[in-house]
Each structure stands twice: as structure tokens, then as C-alpha cells.
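1. How does the following fold in three dimensions:
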Amino acid sequence: MVKTPALRAVLAAVISCIIIGVAAFAVKKVIALISHVATSGFDTGHSNWWLLLLGIASIMLSGFIVRKVVRMPIEHATDRVRRDLEAGRSPLPRRMMIAPLAVNAVTLGLGGSAGAEGPIAYAGGAIASRMAKLFGLSENQILTFLACGAGAGIAAIFKAPLGGVFFTLEVLRYPLNLRSTLMLVAMCLISGLGAYAFSGFTSDMPFVCSEPFELKWYVPAILLGVICGLYSLYYIWSGESTARKLEAVGRPWVRNLVAGAILGVCLFLFPSLYGEGYGILAKVAAGDFSVVTEGTYAHGLAGSPLIAIVLIGILLLKSFACYATNSGGGVAGEFAPTIFAGGMVGALFVICAGMIPGWESIPAGCFVVLAMAAVMGGAIKAPLMAIFIVAEMTMTPTLLLPICITTATSYFIANLRKFSKIFI
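-> A predicted model of the protein is given here:
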């Protein structure tokens, strides 16, 4: 065993980050494999009734595994990490290094309309805290490793190192001194860049910003921020209402069945809600809005008004599908759904703005990216994390200023009641 405490901490951090990066890469591959097998026979030109059963299977099977195999609550992983930090519980149990990721692969692979960030944050915290324990670090250091490992997990799953840093600071709200902050930054960099390297140096949602964001587009960007803030309020209200009603159901298997049925109906009506939806989102950012009609009764019918109707339907149901997944028995994250919903808001805004004189040439992809960050910042109430996660995962540093303006506007609108108490 290495005798120098500082060197032990460095070794524990590096090894943890490599494992977390591999875990993030692996869970994405497993999710993609399960999803491919489950949907390989689907015809995108017609509605698929099989999606109703997949939605039910996703939640029922995940709930069964959690109750009978894991036998520990692992849903709402981000909240659990925060509570563990507040209570000083560390290191996390060994099974938390694998269990959240394994069940998450089942949940998302079979259609759960959510993300992988919560489970990887939980697993990342478990991996880092167990590694700190293995290297004989102090209790305070182990707790710090738990917080940093969770941030490293976010950095790895989004390939966004700065996003992982702000997750720990802004969402977990874990107090760090200068040395711990430097360790957090280093761990997020190693895990984020490691996951990027393991995936062949590719982005999950590549976007090419071919034109500079002109000054005339800042007015519609602010308007977009207002709309995203209002939608964030709807998203939170409808989602939390769904969660409360599901959590009031006493029997777990009944809750799983009801949530699965809600998810299945949402998937049947709008297959774009399947899984994280990054593939759909990438095509929308590239300007192909018609992709959202695939697998619906509207597929093959042309016209922006029809696409707009489909987008409205997706936006109305996304929160129900997400909260049914996370509160009904599935194991998933709540960040990716807000990014997806934001992209759909951006697409709808572009279609509507194109009817306004002078805005016909509005850069569609740019506004989709802006809305992704704006809805995430408004709904999650973490604007800095949202700004950097979206800017990093789309590789659009040139859009950082408009992203900041749109996200800040959305955050202000979504938290207007809180801000009004300050000024009144």
C-alpha cells in the first residue's frame, strides 16, 4: 500500500475515473443493444402496437428486479446521492456500483422515456467512495470522493467535464474547499475525456454550427427563453402531479403496471419518446423535423402545420412519460428528458417563427440547441450545469453566449415567484 496520503488519493481518483468512464460507455452500449433487439421488427411507416407492451415490460421488469434482486431502493438516484451526502453515509454499498446501471439498461432499452445520468451518478459515487475506502482514505475524504464520483459519472455519460463539475456544485450542493474542487475538476476531466475516447472520439449529438449567430437573432433567442421557461413550469407541474399519484398507489406491482401503461400509451402515440431520444434529437438539430412523425399516423403526410401538431403532442406527453418511468418503478435519470423536450420546443419555435416576416431564415439547428439548455435549466433549476452540458455534448462553444442568455431567461421565468419575493 502506498504510504503517502496525497498519492493514495491521486491513485484512487484516477482508477475511479477510468472505471466510471468505462461504465458510462458500457451502459450506453447495452442500452443500444437491448433497444435494437426490442424494436428491430418495427415499421417506422406505421404505428406499432408492440410499443404498448414494451412500455409495460420496461417498468414491470425493472420494478421486479429492484424488489427481488437488488432489494434496495435505487430509483431517483440523484436525490438519493444528495441525501447520502447530507447524512454523511459513505462509502456506498458495493452493489450500488453495478445495480443502478444494470436496471437502467433494462428500463431504457425497453422504452423508458428518461436518461442514464441518475444511475451513473449513483454508481460513480459508489465506485469512487469504495475506491477511497480501499486506499485507506479518511471518512471525510471518502465522502468527498462520493460527491466527486457522482460528478464524474455525469461528466462521463454526457461527455461534458464542466457539466459534471457544476452538477456537484449546483445540484448536489456539496461544499468543497479549494483542494477538493481541484480534485472534482480533475476527476470530471478524466472520466469525461475517457468516455469520449472509449466511444471513438464521437459525440452523442454532433452538431455543426455552419454560420455565426448574428446579432439580429438575439431577440428571438430571448423570446425562446420565455417560452422555454413557461414550458418548464408545465413540465414540472404535470410531471410532479403524475409522480404524486403514482407514489400514492400502495402495492408496488400495481404502481408498476399503471406507470407502464402510461408509458406504453405515450410510446404508441409518439415513438420519438422511446428511450433518451438522442438519435431523434440529432436529426431535429440537423433540420429534419419530419423525423418526429415516424411511427405515428401522421407519418408520410407533409406540411409544417402537421409536424407542429406532432411536436405539441410530444411536448404535452413527455413529462408524463418521464415521471411515469422514474416514479413508477423504472431506474433512470431526469436530465436527458428535459434536453429532449427542449429540442422539441426549439423545433416548434422555429416552425412558428418562420411565419414571421424577417425570421424566415432563422437558424433552426442553433435554436434547437438553445432550447435544449433553456428547458433543462428551467426544469432542473440548474442553469450553469445545463449551459455547459449542452454546449459540451453538442460541441458548440461558439453558441455559448446565446445559450447563456436563453437559459438565464428561461430560469428567471420558471422561478419568477422566487425572484418576485426578492424585488417586492
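2. So residue 275 sits against residue 111, correct?
-> Yes - at 6.5 Å, residue 275 counts as touching residue 111 under the criterion of C-beta atoms under 8 Å. (Each C-beta comes from the backbone N, C-alpha and C, glycine too.)
3. Quick check: residue 393 touching residue 159?
-> Yes - if you go by C-beta under 8 Å, residue 393 and residue 159 touch, sitting 6.1 Å apart.
4. hey, what's in contact with both of these two?
-> Common neighbours of residue 393 and residue 159 are listed as 203, 204 (criterion: C-beta atoms under 8 Å, 6 or more residues apart in numbering).
5. More neighbours: which of the two?
-> Using other C-beta atoms under 10 Å as the criterion, residue 393 and residue 159 rank with residue 159 on top: 29 against 22.
6. any common contacting residues for residue 275 and residue 111?
-> With C-beta under 8 Å, 6+ apart as the test, residue 275 and residue 111 both reach residue 35.
7. For residue 37, grab the count of nearby residues.
-> 11.
8. okay, now residue 284: neighbour count?
-> Neighbour number of residue 284 under other C-beta under 10 Å is 27.
9. Other residues contacting the helix or strand where it lies?
-> Here residue 284, judged by DSSP states H and E, is contained in helix 278-285. Around helix 278-285, the neighbours that count as contacts under C-beta under 8 Å, 6+ apart are 204-207, 272, 291-292, 336, 339-340, 343-344, 346-347, 365, 368-369, 372, 394.
10. cool, stretch 128-148 as well?
-> So stretch 128-148 is in contact with 1-2, 5, 8-9, 11-13, 15-16, 19-20, 81, 84-85, 88, 90-92, 94, 97, 125-126, 149-150, 152, 168, 172, 174, 176, 180, 183-184, 187-188, going by C-beta under 8 Å, 6+ apart.
11. Cross those residues against helices and list the overlap.
-> Among the contacts of stretch 128-148, DSSP state H puts 5, 8-9, 11-13, 15-16, 19-20, 81, 84-85, 125-126, 149-150, 152, 180, 183-184, 187-188 in helices.
12. For the contacts of stretch 128-148, which ChimeraX command selects only the ones that are buried?
-> In ChimeraX, this line selects whichever of those come out buried by 16 or more other C-beta atoms under 10 Å:
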select :8,9,12,13,15,16,19,20,81,84,85,90,91,92,97,125,126,149,150,152,168,172,174,176,180,183,184,187,188
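13. Can you pull out the low-pLDDT segments for this structure?
-> By pLDDT under 70, the weakly predicted segments of the chain are 1-3, 43-47, 208-210, 298-303, 418-424.
14. The closest residue to residue 189 other than its chain neighbours: what's it in contact with?
-> Nearest non-adjacent residue to residue 189, counting by C-beta to C-beta, 6 or more residues apart in numbering: residue 161, 4.6 Å away. Contacts for residue 161 were tallied using C-beta under 8 Å, 6+ apart; they are 155, 185, 188, 189, 191, 192, 193, 392.
15. Which residues are in contact with the fifth one?
-> What that stands for is residue 191. For residue 191, counting by C-beta under 8 Å, 6+ apart, the contacting residues are 17, 18, 20, 21, 24, 124, 152, 153, 155, 156, 161, 164.
16. From residue 198, how far off is it?
-> 10 Å (C-beta to C-beta, to the nearest Å).
17. Could you do the fourth one as well?
-> When C-beta to C-beta is the yardstick, residue 189 and residue 198 sit 15 Å from each other.
18. circling back to that earlier point, immediately after the helix holding residue 284, which helix or strand?
-> helix 304-327.
19. centroid residue for this structure?
-> Central residue of the chain (C-alpha atoms, centre = their mean): residue 336, 2.0 Å from the mean position.
20. now for the one helix or strand that one maps to, which elements pack on it?
-> Assigned by DSSP H and E, residue 336 belongs to helix 335-353. Here helix 335-353 touches helix 117-134, helix 218-247, helix 278-285, helix 304-327, helix 364-380, helix 383-393, going by 3 or more C-beta pairs under 8 Å, 6 or more residues apart in numbering; DSSP states H and E.
21. Between the ones you listed, which one is closest to residue 50.
-> helix 304-327 (16.6 Å; C-beta to C-beta).
22. list the helices and strands that closest one packs on?
-> Counting by 3+ C-beta pairs under 8 Å, 6+ apart, helix 304-327 packs on helix 50-65, helix 218-247, helix 252-269, helix 335-353.
23. Mind listing residues that contact the third one?
-> Meaning helix 252-269. 47-49, 51-60, 62-64, 67, 111-113, 242, 246-247, 249, 273-274, 296, 313, 317-318, 320-321, 324-325, 327-330.
24. Need the buried ones from those residues selected in ChimeraX.
-> In ChimeraX syntax, the buried subset of those is picked out as below (16+ other C-beta under 10 Å):
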select :47,48,51,52,53,54,55,56,57,58,59,60,62,63,64,111,112,113,242,246,273,274,296,313,317,318,320,321,324,325,327,328,329,330
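25. Can you report how many residues lie near the nearest residue to residue 60 once chain neighbours are set aside?
-> Spatial nearest neighbour of residue 60, excluding adjacent residues (C-beta to C-beta, 6+ apart): residue 256 at 4.9 Å. With neighbours defined by other C-beta under 10 Å, the count for residue 256 comes to 25.
26. how near is residue 256 to residue 31?
-> Counting by C-beta to C-beta, the gap from residue 256 to residue 31 is 20 Å.
27. repeat for residue 89
-> Residue 89 is 28 Å from residue 31, by C-beta to C-beta.
28. Could you check which of the two has the larger neighbour count?
-> residue 31 (22 against 14).
29. Provide a list of residues in contact with the more buried one.
-> Per C-beta under 8 Å, 6+ apart, neighbours of residue 31: 104, 105, 108, 109, 116, 275, 276.
30. Kindly give a single PyMOL line that selects the buried subset of the contacts of residue 191.
-> To isolate the buried members of these in PyMOL, using 16+ other C-beta under 10 Å:
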select buried, resi 17+20+21+24+124+152+153+155+156+161+164
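31. Verify the stated contact: residue 160 with residue 394.
-> No - when contacts are counted by C-beta under 8 Å, residue 160 is not listed as touching residue 394 (9.7 Å).
32. how about the helices and strands packed on helix 304-327, which one is nearest residue 402?
-> Residue 402 sits nearest to helix 218-247 of all the helices and strands packed on helix 304-327, at 5.0 Å, using C-beta to C-beta.
33. which strands and helices sit next to that closest one?
-> For helix 218-247, the contact count by 3+ C-beta pairs under 8 Å, 6+ apart identifies helix 252-269, helix 304-327, helix 335-353, helix 364-380, helix 400-414 as packing neighbours.
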